[in-house]
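K.L.:
Need a 3D model of the following:
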Amino acid sequence: MVSRPSAVRALGEGRPILFLHIPKTGGNSLSQAFARLYAPHQRFTDRGNISADYLDRIVAAAGDRAFIWGHPALGALTRVADKVDIITLLRRPVDQVVSSYLHIRENPDDVSYSEANRLSLSAFLREHPNYIARQTLSIANATRDRAFDILTDTRECAEAVADFLDRASFVGVLDRPLACCEVLSDRLGGAFPLQLHHLNSARMRGGATDGIGSLREEYFALRESGRFAELFAAEEAAYAKASDTLARRYESLGPAMSSRQRSDEGAATLDIPATMFFCPSGFLRDGELDYSPKSGKEYLIYGPYCCLPPGEYEAEFRFRTRKVARFGVGPLRLEVVANNALRLSTRLLWRGALNSAARRTLRFRNQHPDDVLEFRIGKSRFARGALEFAGVSIRPVAEEATRQQRY
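P.N.:
Predicted coordinates:
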């Protein structure tokens, strides 16, 4: 059983934090943001997994301040649940199923790869109904030593998950990142940034919007057919409970304003440092990413997968080039992308070394507060030299200035 957190003690105060990754929630990269609060010797994962033996051993040796993360194996929580602060995030059932299906189809090493590429989503779910309630099954199996059969033990699984969600130190839902950030910041005593830049590129898995919509329609059609009704109900109940738990904790923050409210009252420039971005083959030096575009990777720099309130913005990519030929680093492409699928703004820079700050600035409109935004610098195969990247500055554009520009 999972112990109920103290109402006074801050999250992670006197006990390790255990971040459970439920399948395909995008938590892998969110844990990287948590890990930045800990020294290297205080971070633990077994290649992204957590078994009961591994967790037992780490908790015994790690001390009070530690961060442990990974996908829970069978019985992972049976020995140490009362010795750690457990946090986790759930995902909307339809998003969870669609993302898992697309992930299998894109991964040749998955045992179901051929089958997923041969079958439609609804046919695949009929053959593998455990994917309908995979979050429920994953949590339930982590709480005991004998594996559940999701088809025959559905009600027992749902009860185990409800108990877990009641007693976990923090439960969030991935489609409400702003609320998650506020509650986590409060529980961590202000140590966590209120606008947590988190990786959530799996939210739509980069597929075409029409294709994603068709898969969602298949999911809902199977749900409405009445087949596997208990599985759909169990997964939706777990998500609804997690969402309600987050909403109650968010509302209990009292006078603390949400990130969206602060932004509506006059947002300042948001400076996102290079340390929050990702570089496929570069390295961090003096707070800046250093990258040589000799690699075959398409994107030099990408991240940090953040959310912004609706509105008009300007994003300045702060970088400089070095070791370049006379005519510059070569063609670079700047992009602002929503949900890893929709390009909100893009610009091609032909002579990277000579471009002004104005040329390195993109204007874009964000329409939905829960859309996950990504800022990228890409290259062509002709790029040469090296790039030093200091981050991105995001400035809200006043409505008056926007209107004047339009007319």
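K.L.:
Does Arg15 touch Val84 like I think?
P.N.:
Yes. Using Cβ atoms under 8 Å, Arg15 is in contact with Val84, at 5.7 Å. No exception for glycine: its C-beta is placed from N, CA and C like everyone else's.
K.L.:
Domains in this structure, by residue range?
P.N.:
17-95+128-256, 264-406 (automatic domain parsing).
K.L.:
could I get the ones you listed as CSV with distance to Glu106, mean pLDDT and mean neighbour count?
P.N.:
Listed next are the domains of the chain as CSV, based on distance: least, Cβ to Cβ, whole Å; pLDDT from 0 to 100; neighbours: other Cβ atoms under 10 Å:
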stretch, distance to Glu106, mean pLDDT, mean neighbour count
domain 17-95+128-256, 8, 85, 19
domain 264-406, 13, 76, 17
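K.L.:
would you turn the ones you listed into TSV with distance to Val111?
P.N.:
As requested, these are exported to TSV (distance: least, Cβ to Cβ, whole Å):
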stretch	distance to Val111
domain 17-95+128-256	11
domain 264-406	26
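K.L.:
Out of those, which is closest to Ser112?
P.N.:
domain 17-95+128-256 (6.9 Å; Cβ to Cβ).
K.L.:
Show me which helix runs longest in this protein.
P.N.:
Ranked by residue count, the top helix of the chain under DSSP state H comes out as helix 229-251.
K.L.:
May I have that helix exported as CSV, CA atoms only?
P.N.:
C-alpha atoms of helix 229-251 as CSV (Å, rounded to 0.1, in the frame of the first residue of the first chain):
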residue,chain,number,x,y,z
ALA,A,229,-16.8,-1.8,-21.9
GLU,A,230,-15.3,-2.6,-18.5
LEU,A,231,-11.8,-1.9,-19.8
PHE,A,232,-12.7,1.5,-21.3
ALA,A,233,-14.6,2.4,-18.1
ALA,A,234,-11.6,1.4,-15.9
GLU,A,235,-9.1,3.5,-17.9
GLU,A,236,-11.5,6.5,-18.0
ALA,A,237,-12.2,6.3,-14.3
ALA,A,238,-8.5,6.3,-13.5
TYR,A,239,-7.9,9.3,-15.7
ALA,A,240,-11.0,11.2,-14.3
LYS,A,241,-9.8,10.5,-10.7
ALA,A,242,-6.3,11.8,-11.5
SER,A,243,-7.7,14.9,-13.2
ASP,A,244,-10.0,15.6,-10.3
THR,A,245,-7.2,15.1,-7.7
LEU,A,246,-5.0,17.6,-9.6
ALA,A,247,-7.9,20.1,-9.9
ARG,A,248,-8.6,20.0,-6.1
ARG,A,249,-4.9,20.5,-5.3
TYR,A,250,-4.6,23.3,-7.8
GLU,A,251,-7.7,25.1,-6.4
